[in-house]
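Student: Fold the following and give me the result.
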Amino acid sequence: MRPSAIVLLVWTVAAQTVDPNAKALEDYQKRIAEYMKVHDKARSGVGKLKTTESPERIAKYEKEMAHKIHEAREHVTQGNIFTPEIAAALHHWTDEATKGEDKTTVHQSLRRSEPVVVELKVNRAYPKGVPLQTMPPSLLQNLPKLPPDLEYRVVGHALVLRDSGANLIVDYLPNLIP
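Tutor: Sure thing, here's the model as predicted:
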């Protein structure tokens, strides 16, 4: 074997061992970007919501946004964004966040929150009046960053990807949260 081939082989193995979830992260970011194109197209069709204190106007805007997004993604099912590879990476990142000292903090934070029980379905509105349980900060910092209109939420043991502008469940991953 030539020396350059050995260097290439060592470099390739080293690159793969640096972050085994790098490919899943790249795919996740691509899927999020694709979703945001749908979101942005829906927003351009509905227009921007002007600053208002009217719950009726906000609800109407969310409903119009959700309808347009639903039309564009009507055949999408659970796992469209959280593919098996991405789910495995999310499990890894979540496990990393719940080791050692952070484990107790994460569990205490989740126990303090009001338990949320919602039937999860992609493209369904997140029900009004149901609490939006936040992610424990130590867990959140281990997950990939999201654009401003998307957020992670906890529903039972599921991780939910929610479009806050449309109040829409984009995808969910059951049994992720300890």
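Student: that's a helix at residue 159, yeah?
Tutor: No - counting by DSSP: H, G, I helix; E, B strand; the rest coil, residue 159 is not part of a helix but strand.
Student: Please name the bridge partners of it.
Tutor: Counting by DSSP bridges, residue 159 forms beta bridges with residue 154, residue 173.
Student: mind listing what it touches?
Tutor: 82, 90, 94, 152, 153, 172, 173, 176, 177 (CB atoms under 8 Å, 6 or more residues apart in numbering). All C-beta atoms are positioned from the backbone trio N, CA, C, and that covers glycine.
Student: Out of those residues, who's the most crowded?
Tutor: residue 82 (24 neighbours; other CB atoms under 10 Å).
Student: For residue 145, see how far away the residue nearest to it when sequence neighbours are not counted is.
Tutor: Nearest non-adjacent residue to residue 82, counting by CB to CB, 6 or more residues apart in numbering: residue 173, 4.4 Å away. Residue 173 is 17 Å from residue 145, where distance means CB to CB, to the nearest Å.
Student: now swap in residue 55 and tell me
Tutor: 30 Å.
Student: just residue 32 next, same as before
Tutor: With CB to CB as the criterion, residue 32 and residue 145 are 10 Å apart.
Student: The two: who's more crowded?
Tutor: Of the pair residue 32 and residue 145, residue 32 is the one with more neighbours under other CB under 10 Å, namely 19 against 9.
Student: Identify all contacting residues around the helix or strand that one falls within.
Tutor: In this structure, residue 32 sits in helix 22-46 according to DSSP states H and E. Contacts to helix 22-46, defined as CB under 8 Å, 6+ apart, come from residues 19, 61, 64-65, 68-69, 72-73, 80-81, 83, 85-86, 88-89, 144, 146-147, 149-150, 163, 165-166, 170.
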